[in-house]
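J.: Compute the structure for the input listed below.
(one chain, ligands or ions: 1)
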Amino acid sequence: MSIKNKTGIPYYITTPIYYPSAKLHIGHAYCTTIADTLARFKRLAGYDVFFLTGSDEHGQKIQKTAESAGVTPIEYVDKIVASFQELWKRLEISNDDFLRTSEKRHHEVVQEIFRRIRAKGDIYKGEYTGLYCTPCESYWTELQLDENGCCPDCHRPVEKVSEEAYFFKMSKYADAVLKHIEENPDFLEPKSRRNEMINFIKRGLEDLCISRTSFDWGIPVPDDEKHVVYVWFDALSNYLTAIGFLDDPEKFKKFWPADLHLVGKEIVRFHTIIWGCILMALGIELPKKVYGHGWLIVEGDKMSKSKGNVVDPILLIEEFGADAIRYFLLREITLGQDGNFNRDALITRINADLANDLGNLLHRTLNMIDKFQGGILLETSGETELDSEIRSEALKTVEEYYNLMETMQISDAVKTIWTFISRANKYIDETMPWKLAKDESQKQNLANVLYNLAESLRIVGILISPLMPNTARKIHEQLKISEPFEKITIEDAATFGKIEKNHEVGKPEALFPRIEIEKPEPVQKAEKKKSPAKKSEEELISIEDFSKIHLRVVKVVTAEKIPETDSLLKLTVDPGDGDIREIVSGVARYYSPEELVGKNVIVVMNLKPTKIRGVVSQGMILAAGKGNKLEVLTTEMPVGAKVK
Ligand code: MSP
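T.: Numbering: from 1, shown residues only. Prediction:
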């Protein structure tokens, strides 16, 4: 396959517009990073890209928060939205527009959409009595609530509200949207989300309440200004505003229907069903694709302010740089699935993949060109099997990468690049340029190898440019490629041999410094070095050895702190056979004495007694610990039960 630039083909990609209700966290940054990478890839592939993000500023929640902060809603959102824009800048997000729903251009569009649908008879006035979740800005029916009668999305209480309101005839479009989802397999991805939406519609769509009178921070309903437009109706319309729905028909024609609405999985319903019905009522085509990505999870839980597990992207960018964070998010998480954010895993990736694999390849290559050929890439001629292999691997990588990126398999595309980087590092080890340099008769071979390495790096630089724009630019600059960085396209990567002969490269500069991980205790270090396979026989224990340890469930009867110590508790435990005994345990930093009394815990019964702070300790209670956390192992099993 030959890769040709898709010159001039329009491509419209959007992220959701974010609520300015709190600071953005790394989960939001995940969504925007994926969209940015796809937008950059499409530009690289020649498309005429329009990439939109923005802020969803209206609604009761914002109004209440602003009131309690003693400011007006617009003062409140102005400040937070500025912090979004700052974050996107620091993360190298290349959006072509940033839409704020508080802007005049957007008000006009929403009001016009409202007018058109009302004129058609698909918006009518009625009385709304329903259950409303303020944090999610969502109405629910009894049937949709969770098992505790709370919001099925955020599981917080809903309020009963009753007021005059406008309704949108969603029920009229339910069948058509269902048909659209069923007949267009590309419309909603990943496939797993399709069935969810199909079932949702099949359970029956009610008309949607699209106005509120209980607050006024929103877009007024045209000709009935005591109502404001429902925030989702308002927000979804942003995708039309930004491409000139009302004021730039040419631009609108060029970019609509959108190629991709990239959204989190919990808002797929709004983007397929509600948005689908609104567009059908307007007589406008539906977007080509809605893709529902998974969530970034921290220690098994979705990030949220109330759970206190929010990871601040600005702090991460300051510590590790934007490209490292982008790389981690794109490589570590399979699009469509949930993925874990973990600091240790991030550092491991930076050290192994970025500092080591990529950084070393660049450094070694430029260093050798400098040392052996005075920084000049000489004329190539003839080639060995290894040379032709590295060339064909490079081109195969470009093709695989291109196909994977076109089908949004981003993490696989990243892996493909790194497989090639490893191959190139191996090529250095196999060809041993330092040996060739010592042998006059190998001069041509050396020139070939160094040229192939520089070309490989040039291609890698292009492929990583959508993921890590800064690093790509640094590679481009260190190789001193004459073409301006902004003009490079995917076609440039699909040709091996573009660097001119006698081209002078630059001096190597480190791309990523290695991150020092806190040094473990010497004992742990010694243990870590040994892989299980290498452990000597005597370190392994047999089942007989293990059975020598008597583990028993006991009840903690009394507990008290041992004076003048911070960490020790004296426990009296009952093993159920009358043999009440005392145990000294080092858990006082993690448990108060009262917390342990009455608990069934596990004790090593046949540990040699030992005197600690004047108390004879007859056993040891089991606990699990990591870092600065420790938990005593408790059980529901009755006292006296054996642990085996
Ligand atoms: N304002 C609406 C969207 C309106 S679009 C017309 C909204 N805003 S949001 O700020 O709550 O969320 C914006 C996006 O961030 C959603 O796609 C959501 O899934 C995503 N994320 C929020 N937390 C996330 C993670 N922990 N992980 C991944 N994405 C997450 O919804």
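
J.: how about the residues of the chain near the ligand?
T.: Within reach of the ligand by CB under 6 Å from any ligand atom, the chain has these residues: 16-19, 27-28, 30-31, 56, 235-236, 263-264, 266-267, 295-296, 302-303. All C-beta spots, glycine's among them, are computed from the backbone N, C-alpha and C.

J.: let's see it at 5 Å
T.: Neighbours of the ligand within the chain, by CB under 5 Å from any ligand atom: 16-19, 27-28, 30-31, 56, 235-236, 263-264, 267, 295-296, 303.

J.: so of these, which ones are in strands?
T.: Among those, DSSP state E puts Pro16, Ile17, Tyr18, Val263, Gly264, Leu296 in strands.

J.: possible to save those as TSV with neighbour count and pLDDT?
T.: Listed next are these as TSV, based on neighbours: other CB atoms under 10 Å; pLDDT from 0 to 100:
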residue	neighbour count	pLDDT
Pro16	23	98
Ile17	24	98
Tyr18	20	96
Val263	21	98
Gly264	19	97
Leu296	23	93
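
J.: buried residues in stretch 26-36?
T.: Going by neighbour count (16 or more other CB atoms under 10 Å), the buried part of stretch 26-36 is Ile26, Gly27, His28, Ala29, Tyr30, Cys31, Thr32, Thr33, Ile34, Ala35, Asp36.

J.: Apologies, that question was intended for stretch 394-409.
T.: Ala394, Leu395, Thr397, Val398, Glu400, Tyr401, Tyr402, Leu404, Met405, Met408, Gln409.

J.: Make JSON lines out of the residues you listed and add pLDDT and secondary structure.
T.: Listed next are the buried residues of stretch 394-409 as JSON lines, based on pLDDT from 0 to 100; DSSP: H, G, I helix; E, B strand; the rest coil:
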{"residue": "Ala394", "pLDDT": "98", "secondary structure": "helix"}
{"residue": "Leu395", "pLDDT": "98", "secondary structure": "helix"}
{"residue": "Thr397", "pLDDT": "98", "secondary structure": "helix"}
{"residue": "Val398", "pLDDT": "98", "secondary structure": "helix"}
{"residue": "Glu400", "pLDDT": "98", "secondary structure": "helix"}
{"residue": "Tyr401", "pLDDT": "98", "secondary structure": "helix"}
{"residue": "Tyr402", "pLDDT": "98", "secondary structure": "helix"}
{"residue": "Leu404", "pLDDT": "98", "secondary structure": "helix"}
{"residue": "Met405", "pLDDT": "98", "secondary structure": "helix"}
{"residue": "Met408", "pLDDT": "97", "secondary structure": "coil"}
{"residue": "Gln409", "pLDDT": "98", "secondary structure": "coil"}
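
J.: Can I get these in TSV including distance to Ile284?
T.: Formatted as TSV, those follow (distance: CB to CB, whole Å):
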residue	distance to Ile284
Ala394	44
Leu395	42
Thr397	40
Val398	38
Glu400	37
Tyr401	35
Tyr402	32
Leu404	32
Met405	29
Met408	24
Gln409	30
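
J.: what two of those are the furthest from one another?
T.: The most widely separated members of these, counting by CB to CB, are Ala394 and Met408 (23.3 Å).

J.: Where does pLDDT dip in this protein?
T.: Within the chain, the stretches falling below the threshold (pLDDT under 70) are 1, 22, 305-307, 518-539, 627-628.

J.: looking at it, Tyr239 is touching Leu52, isn't it?
T.: Yes. Counting by CB atoms under 8 Å, Tyr239 does reach Leu52; the two are 7.1 Å apart.

J.: any shared contact partners between those two?
T.: Common neighbours of Tyr239 and Leu52 (criterion: CB atoms under 8 Å, 6 or more residues apart in numbering): Thr14.

J.: Tally up the residues packed near Lys104, please.
T.: Other residues near Lys104 come to 7 when the count uses other CB atoms under 10 Å.

J.: Just the closest residue of this structure to the ligand, please.
T.: Per CB to the nearest ligand atom, Gly264 is where the chain lies closest to the ligand, at 1.6 Å.

J.: Relative to Thr33, how far out is that residue?
T.: 13 Å (CB to CB, to the nearest Å).

J.: Inside helices: which ones of the buried residues of stretch 26-36?
T.: Members of the buried residues of stretch 26-36 lying in helices (criterion: DSSP state H): Ile26, Gly27, His28, Ala29, Tyr30, Cys31, Thr32, Thr33, Ile34, Ala35, Asp36.

J.: residues in contact with the last one?
T.: In other words, Asp36. Contacts of Asp36 (CB under 8 Å, 6+ apart): Phe51, Leu91, Glu92, Ile93, Ser94, Asn95, Pro466.

J.: next one: the first one
T.: Taking CB under 8 Å, 6+ apart as the contact definition, Ile26 lies against Leu296, Met303, Val311, Asp312, Pro313, Leu316, Ile325, Leu329, Phe341.

J.: And the third one, by the same measure?
T.: Under the criterion of CB under 8 Å, 6+ apart, the contact partners of His28 comprise Tyr18, Pro313.

J.: can we see that at 10 Å?
T.: Contact partners of His28, counting by CB atoms under 10 Å, 6 or more residues apart in numbering, are Thr15, Pro16, Tyr18, Tyr19, Ala22, Phe84, Leu87, Trp88, Gly264, Leu296, Met303, Pro313.

J.: wait, doesn't Ile464 sit right on Thr416?
T.: No. Counting by CB atoms under 10 Å, Ile464 does not reach Thr416; the two are 11.3 Å apart.

J.: Which neighbours do these two have in common?
T.: With CB under 10 Å, 6+ apart as the test, Ile464 and Thr416 both reach Tyr401.

J.: In space, what's closest to Glu137 - neighbours in sequence excluded?
T.: Once flanking residues are discounted, Glu137 sits nearest to Val231: 4.6 Å by CB to CB, 6 or more residues apart in numbering.

J.: Looks like that neighbour contacts Pro135 (just checking).
T.: No. Between Val231 and Pro135 there is no contact under CB under 10 Å: 11.8 Å.
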